[in-house]
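here you go, sequence then predicted model.
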Amino acid sequence: MAFSMHKISIRQIFLLWISYLLINIVAIGSDLRAQDVTIGSKTKQLLNEIRNEVDQLSERSPNVDRAYIASISIMNHVQRIVSPLQYSVLKTTGEDTPKTVEECLEAKAGICGNQVACFLELANHLKLRARPVEFYLHGKTPKENTSHICAEVYYDQAWRFFDVTWGTYFMMDGKAASIDAVRESPTVARQAAVTNETDQWFLHWRRSGLDPLTYVDHKFVDILRGRNGVIRLRGNEFVYLPTHQPTFIGLNSLSSDYGPVRIELLDVHAGVSRVIIQVSGYAGTGELVIEQRGNKMAYPITELKIGENEFVLPYKVAAGELEVKMKATNPAKIGYVVYSRIHVSR
């Protein structure tokens, strides 16, 4: 079926992008370092091309960090092959979209979640220390929330940030910068951005008035590095829904570079004494902890049921934030809870 860009608005494409991003971030939820013991033919072919390229460039530029050369090579190849534009074509024409790394390379299609999955798998095979960096940008209302996912690679004693979708890294102080450095000096970072501005998806976003690098200086953004960090939920009175945000709490990887997702409920009313969590599932061990200002209660996740779980707090909540997190009871095991809604009441 033919695809005509003028038949689809940028809003439709943008919504497709956001809707399927989280699906692909969940796909990265399992430890990619243990994924694909048997390498697919497309992955193997690309891996060999990148190895040869890195060997060649490292020999010709012996003073340049090999990990930097490899990171740029992986990013360039993945951006070139795994196309968000082609992904939108497949979605618009009703065709199946790729899910695995091998399928993305075969279909030459994927959004940022797919691209980062490809990046991380290739980086793993090249013995690079890499992990995802997720951005959850808050809109004026939760429905306007958006998200994006990139990668970072550890070398030269620091994490270096790479946005695979746009072929972007930030050359600050003569080196690829960390996401911390980018966020601390956003004006300098935008000037230092090295981006593949000939990419058709990038050009389309710019023509449509969208900012591909909005995460650089967005004021209200939650960042997960190796899935470690806090996700803030804004409620509708007493109901909190993850909107274009992760739907799990806790740790789902034992990699030392990964950590747990914690939830912070914003603007909770004073006097709340009950928390009801709609649980879709759980894995591993640990305790679900609901805490505010040193007051807390803990509940073993193995005793949770699928559906509504009501917790009567042994303390009165003050107006403000309420944290929901996991406490590990066995550091050798994962522990996380998948949820769809949190309801608080007095």
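Nice, I can see it.

any low-confidence regions in this protein?
Per-residue confidence of the chain (counting by pLDDT under 70) places the weak regions at 1-37.

how close does the most centrally placed residue in it sit to residue 225?
In the chain, the C-alpha nearest the mean C-alpha coordinate belongs to residue 134, at 3.0 Å (CA atoms, centre = their mean). Applying CB to CB, to the nearest Å, the value for residue 134 to residue 225 is 8 Å. The way it works is simple: take the backbone N, C-alpha and C, and place the C-beta from them, glycine included.

tell me who's in contact with the residue nearest to the centre of the chain.
In this structure, residue 134 makes contact with 25, 147, 148, 149, 223, 224, 225, 227, 246, judged by CB atoms under 8 Å, 6 or more residues apart in numbering.

just the C-alpha atoms of the lengthiest helix in the chain, please, in PDB.
In the chain, ranked by residue count with DSSP state H as the criterion, the top helix is helix 41-60. As requested, the backbone C-alpha atoms of helix 41-60 are provided in PDB (Å, rounded to 0.1, in the frame of the first residue of the first chain):
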ATOM      1  CA  SER A  41      21.800 -13.100  10.800                       C
ATOM      2  CA  LYS A  42      21.100  -9.400  10.300                       C
ATOM      3  CA  THR A  43      22.500  -8.600  13.800                       C
ATOM      4  CA  LYS A  44      25.600 -10.700  13.100                       C
ATOM      5  CA  GLN A  45      26.200  -9.000   9.800                       C
ATOM      6  CA  LEU A  46      25.800  -5.500  11.200                       C
ATOM      7  CA  LEU A  47      28.000  -6.500  14.200                       C
ATOM      8  CA  ASN A  48      30.800  -7.600  11.800                       C
ATOM      9  CA  GLU A  49      30.500  -4.400   9.800                       C
ATOM     10  CA  ILE A  50      30.800  -2.300  13.000                       C
ATOM     11  CA  ARG A  51      33.800  -4.300  14.300                       C
ATOM     12  CA  ASN A  52      35.600  -3.900  11.000                       C
ATOM     13  CA  GLU A  53      34.800  -0.200  11.000                       C
ATOM     14  CA  VAL A  54      36.000   0.300  14.600                       C
ATOM     15  CA  ASP A  55      39.200  -1.600  14.000                       C
ATOM     16  CA  GLN A  56      40.000   0.500  10.900                       C
ATOM     17  CA  LEU A  57      39.300   3.800  12.600                       C
ATOM     18  CA  SER A  58      41.000   2.800  15.900                       C
ATOM     19  CA  GLU A  59      44.200   1.900  13.900                       C
ATOM     20  CA  ARG A  60      44.100   5.200  12.100                       C
END
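
which strands and helices sit next to it?
Counting contacts by 3 or more CB pairs under 8 Å, 6 or more residues apart in numbering; DSSP states H and E, helix 41-60 is packed against helix 66-81, helix 101-107, helix 112-125.

okay if I get those as TSV plus distance to residue 270?
Formatted as TSV, the entries for the helices and strands packed on helix 41-60 read as follows, by distance: least, CB to CB, whole Å:
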stretch	distance to residue 270
helix 66-81	48
helix 101-107	49
helix 112-125	39
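
buried deepest among these, which one?
When you average the neighbours per residue for each of the helices and strands packed on helix 41-60 (mean count of other CB atoms under 10 Å), helix 112-125 leads with a mean of 26.

from residue 176, how far out is residue 202?
Distance check for residue 202 against residue 176: by CB to CB, it reads 19 Å.

which of those two has more residues huddled nearby?
Here residue 202 and residue 176 are compared on neighbour count by other CB atoms under 10 Å; more neighbours surround residue 176, at 26 against 21.

what residues does that one make contact with?
With CB under 8 Å, 6+ apart as the criterion, the residues that contact residue 176 are 68, 71, 160, 161, 162, 169, 170.

now do the strands in the stretch 101-250 of the chain.
In the stretch 101-250 of the chain, the segments counted as strands under DSSP state E, counting those that start in this stretch are 129-137, 146-155, 158-162, 169-172, 175-176, 193-194, 221-225, 229-236, 239-240, 248-251.

most packed of the ones you listed?
The densest packing among the strands of the stretch 101-250 of the chain, expressed as mean neighbour count by mean count of other CB under 10 Å, is seen in strand 248-251 with a mean of 25.

packing partners for that strand?
Applying 3+ CB pairs under 8 Å, 6+ apart, one finds that strand 248-251 contacts strand 261-268, strand 320-327, strand 335-345.

for the first one, list every residue counted as buried.
Spelled out, that is strand 261-268. The neighbour-count check on strand 261-268 (16 or more other CB atoms under 10 Å) flags 261, 262, 263, 264, 265, 268 as buried.

with stretch 200-215 instead?
Residues of stretch 200-215 classed as buried under the neighbour-count rule (16+ other CB under 10 Å) are 201, 202, 204, 205, 212, 213, 215.

inside helices: which ones of these?
Using DSSP H, the members of those that fall within helices are 201, 202, 204, 205.

circling back to that earlier point, okay if I get the strands of the stretch 101-250 of the chain as CSV plus distance to residue 310?
What follows is the strands of the stretch 101-250 of the chain, written out as CSV (distance: least, CB to CB, whole Å):
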stretch, distance to residue 310
strand 129-137, 27
strand 146-155, 30
strand 158-162, 41
strand 169-172, 47
strand 175-176, 48
strand 193-194, 48
strand 221-225, 27
strand 229-236, 17
strand 239-240, 14
strand 248-251, 17
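
out of these, nearest to residue 115?
Each of the strands of the stretch 101-250 of the chain was checked against residue 115 via CB to CB, and the shortest separation belongs to strand 146-155, namely 8.3 Å.
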